[in-house]
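In: Coordinates only, no sequence provided:
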């Protein structure tokens, strides 16, 4: 039989553990689902994607990574050069405190705080963009109706019969 003609099939097997009479861990037993359905890993994965927001989350992560790359380019190539120019021609990428100079057999040891400044600015811009996007798309829902306690003035659910703060009848 040729290797290309083989098809691997992984079936879902559920495991149960049974305790022995002394209450200690016993045997592990594998069995097929009771409904007679043969579940494959692929079917379970498809069900997971369709029943949850995993696909939407994955798309969001991919778009977020792409957005991060674009923002990093904007910060490094557009925002930081004019800021460096205004500060007297400073290149933030080269700002560092050298702890040990480079020698023939040892690499330079330095604290590169300029790169950290670029990273912080990139983070702030990404946070602002995400905030603007969230504010544009996520509108707050209507507020739930509340009933105010006449004694302690604490807000309570509209159908409450007792105040949650002072336990007075409302």
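Out: Perfect, I can see it now. None of the values given here were measured: they were computed from a predicted structure.
In: can you list contacts of the helix or strand hosting residue 59?
Out: According to DSSP states H and E, residue 59 maps onto helix 54-74. Contacts to helix 54-74, defined as CB atoms under 8 Å, 6 or more residues apart in numbering, come from residues 48, 49, 122, 125, 126, 129, 130. To be clear about C-beta, it is placed using only N, CA and C from the backbone, and glycine gets the same treatment.
In: Would you mind pulling up the elements that the longest helix anywhere in the chain packs against?
Out: If you go by DSSP state H, the chain has its longest helix at helix 113-137. With contacts taken as 3 or more CB pairs under 8 Å, 6 or more residues apart in numbering; DSSP states H and E, helix 113-137 sits against helix 54-74.
In: following the helix it packs on, which helix or strand comes up?
Out: Taking DSSP H and E, what comes next after helix 54-74 is helix 80-86.
In: Check which element follows that following helix along the chain.
Out: strand 97-100.
In: what lines up beside that following strand in the sheet?
Out: Applying DSSP bridges, strand 97-100 is found paired with strand 109-111 (antiparallel).
In: which residues sit against the strand it pairs with?
Out: Contacts for strand 109-111 (CB under 8 Å, 6+ apart): 96, 97, 98, 99, 100.
In: out of the residues you listed, who's nearest residue 163?
Out: Nearest to residue 163 among these: residue 97, at 60.1 Å, using CB to CB.
In: Can you give the domain ranges for this protein?
Out: What automatic domain parsing lists as the domains of the chain is 10-51, 60-137.
In: returning to that earlier point: highest neighbour count among the contacts of helix 54-74?
Out: residue 122 (19 neighbours; other CB atoms under 10 Å).
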